[in-house]
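K.L.:
build me a model:
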Amino acid sequence: MTTHSDTNRDTHSPAETPGRGARIAGLIVSGLVVLFLLFDSVIHLMNTSQVQEAMADLGFDPSLNRVFGVVLLICLVLYVVPTTAILGAVLLTGYLGGAVATNLLTEQPIASTTLFPIYTGIFVWGGLWLRDNGVRNIMPLRRA
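P.N.:
Numbers count the residues shown, from 1 in each chain. Below you'll find the model as predicted:
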């Protein structure tokens, strides 16, 4: 006879704690993502003429540039702080999803521009998965 605990052993067992190498790799991946998105946030906050022009080409009022910069910066701060890192990753996923939608609506090239926020999101979650046991518990890799 099989008990309830026997049938759910693989799906409810805690994820393996990341090793030192995985944590370092996760910090590097997360750090690179943070640097890239921090740069993006800062140039929106600076509201340079290039950013104003690019945002206008995408159909946004250039006066919203600083709003985009602040929203992204808040998401990044939440992502960097360990206790709120998962919330930050979720919010960054939403922000990046908006970028994908905007790129689709403005008919940007698919592989290079439209999918770039998806690539970024993969690194956001990948870096967090490598370094955070909580994420490994939420999104475990299962053996076949």
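
K.L.:
just the helices in the protein please.
P.N.:
For the chain, the helices defined by DSSP state H occupy 4-7, 9-12, 20-46, 49-57, 65-80, 85-105, 116-131, 133-138.

K.L.:
was I right about residue 86 contacting residue 125?
P.N.:
No: using Cβ atoms under 8 Å, residue 86 is not in contact with residue 125; the gap is 9.7 Å. Using the backbone N, CA and C atoms, a C-beta is placed for each residue, glycine as well.

K.L.:
now the common contact residues for those two.
P.N.:
Shared contacts of residue 86 and residue 125, defined by Cβ atoms under 8 Å, 6 or more residues apart in numbering, are found at residue 135.

K.L.:
number of nearby residues for the nearest residue to residue 32 once chain neighbours are set aside?
P.N.:
Nearest residue to residue 32, sequence neighbours excluded (Cβ to Cβ, 6 or more residues apart in numbering): residue 123, at 7.2 Å. The criterion is other Cβ atoms under 10 Å. On that basis, residue 123 has 15 neighbouring residues.

K.L.:
cool, and residue 46?
P.N.:
12.

K.L.:
ends of stretch 105-115, how far apart?
P.N.:
13 Å (Cα to Cα, to the nearest Å).

K.L.:
how close does residue 80 sit to residue 35?
P.N.:
Separation of residue 80 from residue 35 (Cβ to Cβ, to the nearest Å) stands at 11 Å.
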